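# give me coordinates for this.
(2 chains)
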Amino acid sequence: MVTLIGIELSKIFRKWRTYIGFIAIGAIVPIVQIALFYEGDSYINMALRNVKENFVFVGNLMNGYLIGHFILQALYIHIPFLIVLVGGDLLAGEATSGTYRMLITRPISRVSLLTSKYIAGIIYTNMLLLFLAILSVGLSLLIFGDGELLVFRNKIYIFAANDVLWRFVLAYGFATLSLSTVLGLSFLFSSLVENAIGPIVATMAVIIIFVILSALPIEALSAIKPYLFTNYMAEWRSFFTDPIEYGKIYTAAGVLLAHIIGFYLITLFLFTRKDILS
Amino acid sequence: MQTEKVIEVKGLTKKFKNLTAVNNLDLNVYRGDVFGFLGPNGAGKSTTIRMLLSLIKPTSGTIKIFDKPLNKNRIEILSKVGAIVEKPDFYLYLTAYKNLEILGKVSGLEVSKNMIMEMLEVVGLKERYNSKVKTFSHGMKQRLGIAQALLHDPELIILDEPTTGLDPQGMKEIRDLISQLSKEQGKTIFLSSHILREVELITNRMIIINRGTTQIEGKVEELLNKEKLSVTFEVGDIQGAIRIIKDSLWAPYFKSKEKNEITFEIDQPQISELNSYLIRNNIEVSAVIPKRSLEEFFLKITEGSEIW
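Model prediction:
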């Protein structure tokens, strides 16, 4: 299995589309950092405009943690677009190129083949996320230094500098579940067709529809919201609250994990019965 | 002695919704056979090959390879089978070497550089080992397809149109390679081809299928000997020749006419008799062209003949 995963990773990383995600993150994050380097104070002033008259804020507020948190919030909804570029191609790409025939006529089970591709896809997803973490938190800390983290939600949280890094580690850990779910969905769609465009578009359509349904303040929709996996994807934000609501995080993680496994099992069911006609 | 069945297919059927691609097909391939698998386009050849390689599942029927049911012993069986299915497709963004390395590893082989280079030399691609496959011509991909089929030293080789896209020299080389694999290494070869002359040249047994069903199966030599020669006479006056033949004892042997050619299905000794008959009746004969090829046989079985 390790050999197969290695082969799948080598195939993924020899394709141009794989690097689109890295290039996009590698371009956007520094642009945001440069913008905040010059305009960050006005962002802080705007965020604190209602409380500045009653409180005095001292220290380095425009620090690496704040930038890292800002970027994570801003890019979080867009990263799935980058994930599905690869996830949608994992199986459909083999069908398009006709290489399914070569692979499936080798003495290897379809289960092993599928599992190695799924694991390789999840590894890619996590590498992309790690790259985002290194750039958004690591590089921001190098440029802006550390300091207290201000988090603006329904109230303002202020976390001490030595109380932040572990929150980022756990938030990114949770994000791996969220984005692996996206990968799982695109992988499932990828097994159904013979062209990668379909799975890419279909996955993004599902995510966009689910996000819209989750966000609409309509009472009639509240009954279906618990069944939309997108509803749980942003639960990483709970790591930047105090006290942390671990119950909600565990529930969300469980739901996402169930989706990751569920998407895999459905794909496996379909793939092992699939006639290879490409 | 053909005793050990390498492939045994019974009642194989594949339906795609309303289309029956393969219908109750039986076939047997014995160890050491170079087995020709013939049929016109859409006859069900590729569907059958895909079922033999477990790419698609039969609707009904059984496939035994090496005396074991394919559906229960897929991995063990495929470890002893090499194949090209339709056109060989590869990872275009990878080199020939890397493609073979990947396919070897997927097969569970300990792939060494020597092993891959030897295989590339066999198919004449050693010099291009480091070229990306996207730079290859169709013929080169076809050669690489043969290399990947042979990589794990299989006992049974299934080749679906292996010479498609090759130049005449390339076709001859592949034919020679198939003969060599059969004669020198004792491989069993299942060969599908639309180049019927090729099948006639290199196979010892064959099956012809049409519309998914068996038309005929047996030894190539015996099947051909059963058939009369197809002999074409080039004549000066085609209408006169037809008129004379129509009222003669040769009428039952008439097969077809085209421009100034008239074709009969007769035995070897009858050629000179018929030639004399035409000349005696003032029909000028400028050429006599006898044919006994699988192509005639194949066309007869699959298309039928037009009379008068």
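# ok, now which ones touch A:Thr3?
By Cβ atoms under 8 Å, 6 or more residues apart in numbering or on different chains, the contact list for A:Thr3 reads B:Lys105. In short, each C-beta sits where N, CA and C put it, glycine included.
# swap in B:Ile202?
With contacts taken as Cβ under 8 Å, 6+ apart, B:Ile202 has the following neighbours: B:Val34, B:Gly36, B:Arg175, B:Ile178, B:Ser179, B:Ser182, B:Leu191.
# quick one: name the residues of chain B near chain A.
If contact is defined as Cβ under 8 Å from any Cβ of the partner chain, the residues of chain B in contact with chain A are B:50, B:53-57, B:74-79, B:81, B:83, B:85-94, B:102-103, B:105-108, B:148, B:152.
# could you list the low-confidence segments of chain A?
Screening chain A residue by residue with the criterion pLDDT under 70, one finds the ranges A:47-60, A:75-76.
# what residues does it have near chain B?
A:3-4, A:7, A:10-11, A:14-15, A:97-109, A:113, A:273, A:275-277.
# which among those residues end up buried?
With neighbours counted using 16 or more other Cβ atoms under 10 Å in any protein chain shown, the residues of chain A next to chain B contain these buried positions: A:4, A:7, A:10-11, A:15, A:97-108, A:113, A:276.
# contacting residues around the helix or strand A:Leu82 falls within?
A:Leu82 is located in helix A:79-87, with elements delineated by DSSP states H and E. Contact with helix A:79-87 is made by A:12, A:15, A:17-18, A:20-21, A:24-25, A:121, A:124-125, A:128-129, A:132, A:179, A:182-187, A:190, A:199-200, A:203-204, A:207, as judged by Cβ under 8 Å, 6+ apart.
# what segments of chain B are helices?
According to DSSP state H, chain B carries its helices in the segments B:45-52, B:74-78, B:96-106, B:113-122, B:138-150, B:168-183, B:196-202, B:220-226, B:238-246, B:270-280, B:294-303.
# on that earlier part again, alpha carbons only: can I get the helix holding A:Leu82 in CSV?
The C-alpha coordinates for helix A:79-87 follow below in CSV (Å, rounded to 0.1, in the frame of the first residue of the first chain):
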residue,chain,number,x,y,z
ILE,A,79,-9.4,26.6,-0.4
PRO,A,80,-11.9,23.9,-1.4
PHE,A,81,-11.8,25.3,-5.0
LEU,A,82,-8.1,24.4,-5.0
ILE,A,83,-8.6,20.9,-3.4
VAL,A,84,-11.2,19.8,-6.0
LEU,A,85,-8.9,20.6,-8.9
VAL,A,86,-6.9,17.5,-7.8
GLY,A,87,-9.7,15.5,-6.1
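# who does the next helix-or-strand element following that helix touch, helix- and strand-wise?
Of the helices and strands lying after helix A:79-87 in sequence (DSSP H and E), the nearest is helix A:92-97. Using 3 or more Cβ pairs under 8 Å, 6 or more residues apart in numbering or on different chains; DSSP states H and E as the contact definition, helix A:92-97 packs against no other helix or strand.
# so which of the helices of chain B comes closest to B:Lys255?
B:Lys255 sits nearest to helix B:294-303 of all the helices of chain B, at 9.3 Å, using Cβ to Cβ.
# residues in contact with B:Met140?
Neighbouring residues of B:Met140 by Cβ under 8 Å, 6+ apart: B:Leu125, B:Arg128.
# can I get the contacts of B:Ile202 in TSV including pLDDT?
Putting the contacts of B:Ile202 into TSV (pLDDT from 0 to 100) gives the following:
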residue	pLDDT
B:Val34	88
B:Gly36	89
B:Arg175	82
B:Ile178	84
B:Ser179	84
B:Ser182	84
B:Leu191	90
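# on that earlier part again, buried subset of the residues of chain B next to chain A, written for PyMOL?
For the buried members of the residues of chain B next to chain A, the matching PyMOL selection, counting by 16+ other Cβ under 10 Å, is:
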select buried, chain B and resi 50+53+54+55+56+74+77+78+79+81+83+85+86+88+89+90+91+94+102+103+105+106+107+148+152
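# what's the burial count for A:Ile77?
14 (other Cβ atoms under 10 Å in any protein chain shown).
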